[in-house]
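Asks: need a 3D model of the following:
(2 chains)
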Amino acid sequence: KAGVTQTPRYLIKTRGQQVTLSCSPISGHRSVSWYQQTPGQGLQFLFEYFSETQRNKGNFPGRFSGRQFSNSRSEMNVSTLELGDSALYLCASSGDSSPLNEKLFFGSGTQLSVL
Amino acid sequence: GESVGLHLPTLSVQEGDNSIINCAYSNSASDYFIWYKQESGKGPQFIIDIRSNMDKRQGQRVTVLLNKTVKHLSLQIAATQPGDSAVYFCAESHEAGTALIFGKGTTLSVSS
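Replies: Below you'll find the model as predicted:
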């Protein structure tokens, strides 16, 4: 089974721009979560989607948004980029056989640099 | 507020030693705990998990211990190998369906 796939692997943007990141979960997994990882704050939860619906949301501003498609693939969008948005963005999926939001399987992440 | 933290940001051991990585949590309602390993350039990789109705769980070369009385979690790695060098995170959740809350991480360095 293929793991969680995130594209692109690296991104460089400038302040004020917007960016869209993509995530393909493990086949059969319907839950997709997004995390932001920075050296200072560690792993912080952004949001989680299940069957195309946002089920949980972290404490991030509205500039951060996401969606999930019928095939469970997910995208997250960050608008009006700020320097502080530079981070590794991780996507994780979990299967229906596990309790909700437990035993997440992570992708390798998208490293976003905002200049 | 809720937080999950680790006692030490770094741990250095010799190859073949046993490693113990500690984690303290503050929410007594937490009922699920999980350990991840993250190597450079990769996403976190699942190691082992444990529910609050257990005190100990063993995997291959790893053991997780849970002490609910003092809200403490530990990961023991037997016969540590250079390939175990990575950042280790503990995470917890207190209700099925809520997000996992991650600690800051401990960097394990194994020298041969």
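Asks: C-alpha from now on. contacts and neighbour counts both.
Replies: Noted.
Asks: got the phi and psi for the residue nearest the centre of chain A?
Replies: Computing the C-alpha centroid of chain A and ranking residues by CA atoms, centre = their mean puts A:W34 first, at 3.0 Å. With angles defined as degrees, to the nearest 10, A:W34 sits at phi -120, psi 140.
Asks: OK, contacts around it?
Replies: Contact analysis of A:W34 by CA atoms under 8 Å, 6 or more residues apart in numbering or on different chains lists A:F45, A:L46, A:F47, A:E48, A:Y89, A:L90, A:C91, A:A92.
Asks: gap between the fourth one and A:A92?
Replies: Think A:E48. From A:E48 across to A:A92, the span is 9 Å (CA to CA, to the nearest Å).
Asks: overlap in contacts of these two?
Replies: Common neighbours of A:E48 and A:A92 (CA under 8 Å, 6+ apart) are A:V32, A:S33, A:W34.
Asks: quick check: closest non-adjacent residue to the last one.
Replies: In other words, A:W34. Spatially, and ignoring its direct neighbours in sequence, A:W34 is nearest to A:C91 (4.6 Å; CA to CA, 6 or more residues apart in numbering or on different chains).
Asks: also the first one?
Replies: Of all residues beyond its chain neighbours, the one nearest A:V32 is A:S93 (4.5 Å), with distances taken as CA to CA, 6+ apart.
Asks: picking that back up, pLDDT for the shared contacts of A:E48 and A:A92 - can I get that in TSV?
Replies: Below are the shared contacts of A:E48 and A:A92 laid out as TSV (pLDDT from 0 to 100):
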residue	pLDDT
A:V32	94
A:S33	94
A:W34	97
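Asks: if we can go back for a sec, which of the three states applies to the residue nearest to A:W34?
Replies: Secondary structure for A:C91, judged by DSSP: H, G, I helix; E, B strand; the rest coil, is strand.
Asks: save the shared contacts of A:E48 and A:A92 as CSV, and put in distance to A:N77 too.
Replies: Formatted as CSV, those follow (distance: CA to CA, whole Å):
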residue, distance to A:N77
A:V32, 14
A:S33, 14
A:W34, 11
